[in-house]
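Engineer: Make a model of this:
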Amino acid sequence: MKALILAAGYATRLYPITKCIPKPLLPVMGKPMVEYILDKIALIDDIDKVFIVTNEKFYPHFKIWHDRVKAAGVYDKEITILNDHTTADGTKLGAVGDINFVIKEGKIDDDLLIIAGDNLFEFNLQDFVDYFKKKNMPIIALHDVADKEIAKRMGVVELSPEKKLIDFKEKPEKPKTTLISTCCYLFPKNKLSRVQEYLDKGNKPDAPGYYIAWLYENDDVYGWVFSESWFDIGDIEQYEKANKQYGGI
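Structural biologist: Okay, the predicted model is just below:
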């Protein structure tokens, strides 16, 4: 199994603090966000390699960070930083485009865990992996935000009694539920080619929720619901909340 951390965005909603530093390297309690994700990935024996995809602007930042943690021997798993060579928000590949880029560039022929680099979560990642092994189908991690106003800004999911996706809407005006996707996915290796199929059909390459909305209509996709805390660091307010939650600034 391989892991992919998406870190190629420009985080314009967090300006000015992300003008000179990529969002996943912003400190929470003095520690870069991406390291919280890597700490959880480090506990998963099935994962033997981690890819982090970034852009031309922030590649040097990740290279410096990677050199530091590698020299310190912080992580045992191999970490590869990939540059998608985009230079501005208007020319970015989008999250789905970056997933496809990494699958091809990294020659991935293995099950793939995908996590957004601005996700902070406290659920047990091993439980997510174990659920995936039972299903051997695409699965997504879901969280109940218990507020339809919040859900309007997210990818909203409806599940069958068997936990299969029966509806997915990205940022709906009238959410059917308050169960939202957290941009944490696991795809079996025999389904990775569907990403290219999705893009070949001219679908949106940006928010990965659009891909999930397409995928559940063309394949079986299952949801795994967790109740532990979760932060999507999309703006200053969420960043400040996360720092309070983790006892930081």
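
Engineer: What segments of the chain are helices?
Structural biologist: For the chain, applying DSSP state H gives helices covering 33-41, 59-72, 95-105, 125-135, 148-151, 193-200, 208-218, 236-245.

Engineer: which residues are contacting the fourth one?
Structural biologist: This points to helix 125-135. Helix 125-135 has contacts (C-beta atoms under 8 Å, 6 or more residues apart in numbering) with 1, 40-41, 43-44, 46, 111, 113, 139, 141, 184, 186, 188, 222, 224, 226. For the C-beta atoms, the positions are set from N, CA and C on the backbone; glycine is no exception.

Engineer: The residue lying closest to L113 once chain neighbours are set aside: how many residues sit nearby?
Structural biologist: Here the nearest residue to L113 in space, its sequence neighbours aside, is A3; by C-beta to C-beta, 6 or more residues apart in numbering that works out to 4.4 Å. Using other C-beta atoms under 10 Å, A3 is surrounded by 25 other residues.

Engineer: pLDDT below threshold where in the protein?
Structural biologist: Across the chain, the ranges flagged by pLDDT under 70 are 247-249.

Engineer: how about 50 then?
Structural biologist: Low-confidence segments of the chain, defined by pLDDT under 50: 248-249.

Engineer: what's the spacing between the nearest residue to T182 once chain neighbours are set aside and D118?
Structural biologist: Once flanking residues are discounted, T182 sits nearest to A141: 4.9 Å by C-beta to C-beta, 6+ apart. Taking C-beta to C-beta, to the nearest Å as the measure, A141 falls 15 Å from D118.

Engineer: Which one's more surrounded, those two?
Structural biologist: A direct count of neighbours by other C-beta under 10 Å for A141 and D118 places D118 higher, at 26 against 23.

Engineer: Contacts only, for that one.
Structural biologist: Contacts of D118 were listed using C-beta under 8 Å, 6+ apart, and they are G9, A11, K23, P24, M33, D232, I233, G234.

Engineer: Could you find the closest non-adjacent residue to E158?
Structural biologist: D167 (3.8 Å).

Engineer: Nearest to P175, out of the helices of the chain?
Structural biologist: helix 148-151 (4.1 Å; C-beta to C-beta).

Engineer: Who are the packing partners of the closest one?
Structural biologist: strand 179-187 (3 or more C-beta pairs under 8 Å, 6 or more residues apart in numbering; DSSP states H and E).

Engineer: For the strand it packs on, which residues meet the burial criterion?
Structural biologist: In terms of neighbour count (16 or more other C-beta atoms under 10 Å), strand 179-187 has its buried residues at L179, I180, S181, T182, C183, C184, Y185, L186, F187.

Engineer: Tell me what the first one is bridged to.
Structural biologist: This means L179. Under DSSP bridges, the beta-bridge partners of L179 are D144.

Engineer: got the contact list for it?
Structural biologist: L179 sits in contact with L142, H143, D144, A151, V156, V157, E158, L159, G223, V225, where contact means C-beta under 8 Å, 6+ apart.

Engineer: Please look at the fifth one and E173 and confirm they touch.
Structural biologist: No - the criterion here is C-beta atoms under 8 Å, and V156 misses it with E173 at 10.5 Å.
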